[in-house]
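Next one to model:
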Amino acid sequence: MEYQLLEEDRSTKARAGKLITDHGEVETPIFMPVGTIGTVKGIHQRELNEDLQAPIILGNTYHLYLRPGTDVLENAGGLHDFMNWQNAILTDSGGYQVYSLSDTRKITEDGVEFRSHIDGSKHFFSPESAIDVQRSIGADIIMAFDECTPYPCEYDYAKRSTDMTHRWLDRCFEAMNEYPAKYGYQQALFPIVQGSTYKDLRKSSAEYVAGKDALGNAIGGLSVGEPDNEMYEMTDIVTDILPSSKPRYLMGVGTPINLLENITRGIDMFDCVMPTRNARNGGLFTATGNLNIKNSKWRNDFSLLDENGYSWVDTYYSKAYLKHLFSVNELLGKQIASIHNIGFYLWLVKEAREKILSGDFVSWKTKMVDQMKNKR
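Residues are numbered from 1 along each chain as shown. The predicted structure is shown next:
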């Protein structure tokens, strides 16, 4: 894997680059649609590739480990072939899902014992097994196993957790050397910066991660309930330390405004379930603010879904028609809304990239943030 830094904004830390993987090039900044269980909910792979032109998606290690299981994925030749997706894939390590199962898991130095949310069966993830599972999944970029601390979090707990995450990281790199790639292409391991919202812990964790000289680096433990200003402050601290020659991935973030604010602070890669989750509940993101298509005001609005045309659905269906689909609980409505939202997110990061390259990023970003605060 190779990263090329192409342009940096003169007055912020925003940058445009290119990530080259064995499954294609990824222009950054980029948003990665979340394909938790081998599918981005409600969207065909053909639409993701041909219409939305998503160069990379995210898969979930915890869920894919449980279903369909690594044996099925290996027999299929890896997740790319299993889901017929030949662009790049990134997998998380399962650490966030283990965090979300706080009532049914036990964390020790060895790893995490947890119960399946499906049938209650017991399982165990260690740094080594998390790497082994991701080798079997076959993602181009795999994440180190870490503990995602909650918010708020006591300082002493955050420090113990961050130190353990660093020890787990060492074991992840050892496992990467021990377990070879299985499908004939390179897999890159990204370490994860932790430290909750404590400046000194974020700084020391970023320094530890930077010292690993990995092909790319990630920032975890944010967008877990902390105020946006604290997220931005932590991102600023970390991106001052992580090398500019490597891609920086902010995990699980976020709203369109979050994306632009963190691009300003030097982030290159994002993922979040928000565009598809909100879509399934009638929430649409646009360049002029969010709208709830379930509202009665759209019942007789026969204007196009969005004249900006973030995807093909925006200039094909009307607001009134989409409102009708949600009113009658038709699955097509959720699909149309999902395509629209993913299209908007991908449009937004592409526009940000073009503005960075042309030198117009700051004025455009300021205008966009103001517009997107609207609710319709």
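
Strands along the stretch 251-376 of the chain, start to end?
Defined through DSSP state E, counting those that start in this stretch, the strands belonging to the stretch 251-376 of the chain, from first to last, are 269-271, 283-284, 291-292.

Which among the ones you listed is found nearest to Phe173?
In this view, these are compared for proximity to Phe173 by CB to CB, and strand 269-271 is the closest at 20.4 Å. Glycine gets a C-beta too; all of them are placed from N, C-alpha and C.

Turn the strands of the stretch 251-376 of the chain into CSV, including distance to Glu25 and mean pLDDT.
Rendered in CSV, the data for the strands of the stretch 251-376 of the chain read as follows (distance: least, CB to CB, whole Å; pLDDT from 0 to 100):
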stretch, distance to Glu25, mean pLDDT
strand 269-271, 14, 98
strand 283-284, 30, 98
strand 291-292, 34, 98
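
Tell me the secondary structure at Ile89.
On the three-state scheme (DSSP: H, G, I helix; E, B strand; the rest coil), Ile89 is labelled strand.

any idea how far it lies from Gly24?
As judged by CB to CB, to the nearest Å, Ile89 and Gly24 stand 11 Å apart.

Now find how far off-centre the worst-scoring helix or strand of the chain on mean pLDDT is within its chain.
Comparing every helix and strand of the chain by mean pLDDT, DSSP states H and E singles out helix 95-100 as the least confident one, with a mean of 72. Its chain's average C-alpha position is 14 Å from that of helix 95-100, according to CA atoms, centre = their mean, to the nearest Å.

List the strands paired with the following helix or strand past it, with their directions.
Remark: after helix 95-100, the chain's next helix or strand is strand 105-107, criterion DSSP states H and E. Sheet partners assigned to strand 105-107 using DSSP bridges are listed as strand 112-115 (antiparallel).

Now the strand it pairs with: average pLDDT?
The average pLDDT for strand 112-115 rounds to 91.

ditto for stretch 36-50
Mean predicted confidence for stretch 36-50 is 96.

Span of that stretch from start to end?
20 Å (CA to CA, to the nearest Å).

for stretch 119-127, same thing?
Distances were taken as CA to CA; on that basis the terminal residues of stretch 119-127 are 24 Å apart.

Next: stretch 131-149.
Stretch 131-149 has its terminal residues 21 Å apart, counting by CA to CA.

Stretch 135-142 too?
End residues of stretch 135-142 are separated by 8 Å (CA to CA).

one step back: can you pick out the residue with more neighbours from Ile89 and Gly24?
For the pair Ile89 and Gly24, the greater number of neighbours falls to Ile89 (26 against 13), based on other CB atoms under 10 Å.

Just the pLDDT for the more buried one.
Per-residue pLDDT puts Ile89 at 98.

wait, doesn't it sit right on Ala54?
No. Ile89 is not in contact with Ala54 according to CB atoms under 8 Å; the separation is 10.8 Å.

Longest helix in the protein, please.
Of all the segments assigned as helix in the chain under DSSP state H, the longest by residue count is helix 331-358.

tell me which residues in it are buried?
Buried residues in helix 331-358, defined by neighbour count with 16 or more other CB atoms under 10 Å: 333-353, 355-356.

ranking the strands of the stretch 251-376 of the chain by burial, who's on top?
Using mean count of other CB atoms under 10 Å, the stretch among these with the greatest mean number of neighbours is strand 269-271 (a mean of 24).

ok, that strand: who's next to it in the sheet?
The strands beside strand 269-271 in its sheet (DSSP bridges) come out as strand 30-32 (parallel), strand 248-250 (parallel).
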